[in-house]
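# Generate coordinates for the sequence data below:
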Amino acid sequence: MMKPRHAAGGIVGPATQGSGGTISGPGGSTEGTNLGTGGKVASGGSSATAGANGAGGSGGTTATNHTGGVMGSDGTSATGGTRVTGGASGTSGVSATGGNLHTGGVTATGGVSSAGGKAMSGGATGSGGHGGSGDTSAAGGRTSAGGTSGTGGYCGDGAIGPGEQCDLGADNKNLPAFWVTQAGLNFAAMPLVRTDSSPYFYSYSSSSAHTGFEALGTSRVLLHVDKTTLVLSLIVIHGVDKDSTGLDQPLSHVVMSFSGLPPTTTVGLSDDSDEFLMTSPTTATGFWRFTGNSDGGVLFGLPFPGDWEISIEPSFLDGISVWTWVQSDGSLVNLDLTQPVTIKAYKAASHCRLDCTAPRCGDGLLDGGEICDDGQTSDGQSTCGGDCMSFNL
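Numbers count the residues shown, from 1 in each chain. This is a model prediction of the structure:
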């Protein structure tokens, strides 16, 4: 005798077929109606026409041409199994060839599946893995919103998966040589590399700088490294030179305070001797009033590689409406005129970046502890030394 099967609707009892036999209805408690004379279903699939459909239609049966099973209006149907809408099997019941199916229940060829639940082909989820958002299945690994898939996990879970060079979980960090932040703005800063010193690059003459980055009504800030001496400088420039451009910089007034300067820092150049001064071993202030030309100066001798954090507090009082950071390729990053800027230097790289790549010399990213990294490791092909600690001159 077939054992009863459990499902969301209840139990399907074994059907007794024959003249005047009965079939138990949904839930295993309500009996279906008796088959009439001739209601017996023969193995040959003969159809009973004199039998009566049970009032429980979900569990009532009308046998018709079925080998090895019974079929009812909204009743049961299977090859080797049963199905009853609202009964022991159906939308919350059982229907399978060797397995079970529920919307919100189970289905499998040897496994289970449910909306928002698990799916398997011989395993708990996936082929040895488990799904991230919504527990969807993943072949061979895990997926999660915001992560990457793969056996062993997603980037940031602390386990190394396919495509990951490393994964330290919460200890993954980006530690570039220089990192700039301002009121939600964050980016890796790249210094301009030149074969001359920062004062020479500033090219002060006729009361103005001549770096090529001067602009009308604009203040610029950048890092400069002398590739021959490896001396690092911080340069600020305000306005433009009328004599060389024909543009007339209006009457302008800028005050900037610099704090957190390394003790080795000096004012390497000031347009006027009394307007840009060290106010302590770790602070400096610029008081710039100018018209018809640019103004600014150079902070000289920052450790590189270094471990320091400089803050610039700006006050643009007149004549300046744009403030930008200059990157090594000449591209510009817009800064907020009203917010301080922090420049952080790192003397060592992290062990694993936020994208699960491992920092190394020759990967083209200027990490903490490196002076130069152009993506090459061969001295003959690179502008950088093979150890990323020097420049090829």
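
# Please point out which parts of the longest strand along the chain sit buried.
What stands out as the longest strand in the chain, according to DSSP state E, is strand 308-318. Buried residues in strand 308-318, defined by neighbour count with 16 or more other C-beta atoms under 10 Å: Trp308, Glu309, Ile310, Ser311, Ile312, Pro314, Phe316. Using the backbone N, CA and C atoms, a C-beta is placed for each residue, glycine as well.

# go on, stretch 220-229?
So for stretch 220-229, counting by 16+ other C-beta under 10 Å, buried means Arg220, Val221, Leu222, Leu223, His224, Val225, Asp226, Lys227.

# Look at Ser331 and say how many residues are nearby.
Counted with other C-beta atoms under 10 Å, residues neighbouring Ser331 total 10.

# check contacts around it.
Ser331 makes no contacts at all, as judged by C-beta atoms under 8 Å, 6 or more residues apart in numbering.

# got the contact list for Phe391?
Val193, Lys227, Thr228, Leu230, Ile371, Cys372, Thr383, Cys384, Gly385.

# Name the nearest of the buried residues of stretch 220-229 relative to Met256.
Nearest to Met256 out of the buried residues of stretch 220-229 is Val221 (C-beta to C-beta; 9.0 Å).

# Surely the closest one touches Trp325?
Yes - with contacts counted by C-beta atoms under 8 Å, Val221 reaches Trp325, the gap being 5.7 Å.

# Mutual contacts of those two, please.
The contact sets of Val221 and Trp325 overlap at Leu335, Val341 (C-beta under 8 Å, 6+ apart).

# Please enumerate the helices of the stretch 251-393 of the chain.
Assignment of helices within the stretch 251-393 of the chain using DSSP state H, counting those that start in this stretch yields no ranges at all.

# just to revisit the earlier point, pLDDT averaged over the longest strand of the chain, what's the number?
Averaging pLDDT along strand 308-318 yields 98.

# What strands line up against that strand, and which way round?
Strand pairing for strand 308-318, determined by DSSP bridges: strand 252-259 (antiparallel), strand 341-345 (antiparallel).

# Surely Leu247 and Gly239 touch.
No - counting by C-beta under 8 Å, Leu247 stays clear of Gly239, with 9.1 Å between them.

# Residues that sit against both of the two, list them.
Common neighbours of Leu247 and Gly239, counting by C-beta under 8 Å, 6+ apart, are Leu216.

# More neighbours: which of the two?
Using other C-beta under 10 Å, the more surrounded residue of Leu247 and Gly239 is Gly239, with 29 against 15.

# ok now do the more buried one, which residues does it touch?
Gly239 touches 214-219, 249, 252, 290, 293-295, 319-320, counting by C-beta under 8 Å, 6+ apart.

# Top of those residues by number of neighbours, please.
Result: Ser294 is most packed of the contacts of Gly239 (other C-beta under 10 Å), 30 neighbours.

# which residues does it contact?
Each residue near Ser294 by C-beta under 8 Å, 6+ apart is listed here: Ser208, Ala209, Glu214, Ile237, His238, Gly239, Val240, Asp241, Gln249, Asp271.

# again with Asp307
Ala345, Tyr346, Lys347.

# follow-up on the earlier one: could you turn the buried ones of the contacts of Phe391 into a PyMOL selection?
Applying 16+ other C-beta under 10 Å to the contacts of Phe391 leaves a buried subset, and the PyMOL line that selects it is:
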select buried, resi 193+227+371+372+384+385
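
# mind listing which of the contacts of Ser294 are in strands?
Per DSSP E, the subset of these in strands is Ile237, His238.

# What helices and strands are in contact with the helix or strand harbouring Ile235?
If you go by DSSP states H and E, Ile235 is part of strand 232-238. Applying 3 or more C-beta pairs under 8 Å, 6 or more residues apart in numbering; DSSP states H and E, we find strand 232-238 packed against helix 198-202, strand 218-226, strand 252-259, strand 283-290, strand 295-302.

# and the next element down the chain from that strand?
helix 242-245.

# which one is Arg231 nearest to, not counting chain neighbours?
Let me fix one detail, which is that residue 231 is Val and not Arg. Residue nearest to Val231 in three dimensions, not counting chain neighbours: Gly301, with 6.4 Å by C-beta to C-beta, 6 or more residues apart in numbering.

# burial of the one you found, as a residue count?
Look at Gly301: counted by other C-beta under 10 Å, it has 19 neighbours.

# Between the two ends of stretch 366-384, what distance do you get?
Distance between the two ends of stretch 366-384: 11 Å, counting by C-alpha to C-alpha, to the nearest Å.

# again with stretch 382-392
Start-to-end span of stretch 382-392 (C-alpha to C-alpha) is 7 Å.

# How about the contacts made by Ile237?
Counting by C-beta under 8 Å, 6+ apart, Ile237 touches Tyr202, Ala209, Thr211, Phe213, Glu214, Ser219, Arg220, Val221, Ser294, Asp295, Gly296.

# ok, of those residues, which one's closest to Cys166?
Distance to Cys166, by C-beta to C-beta, is smallest for Val221 among these, at 33.8 Å.

# Mind listing the residues bridging to that closest one?
Listed beta-bridge partners, Val221: Val236, Trp325 (assigned using DSSP bridges).

# quick one on the thing from earlier: go through the contacts of Ile237 and say which is closest to Ala284.
When the contacts of Ile237 are compared for distance to Ala284 (C-beta to C-beta), Gly296 comes out closest, at 12.6 Å.

# How about the contacts made by Thr285?
Val255, Met256, Ser257, Phe258, Phe276, Leu277, Thr279 are the contacts of Thr285 under C-beta under 8 Å, 6+ apart.

# give me that answer again for 10 Å
Thr285 makes contact with Val255, Met256, Ser257, Phe258, Ser259, Glu275, Phe276, Leu277, Met278, Thr279, Glu313, according to C-beta atoms under 10 Å, 6 or more residues apart in numbering.
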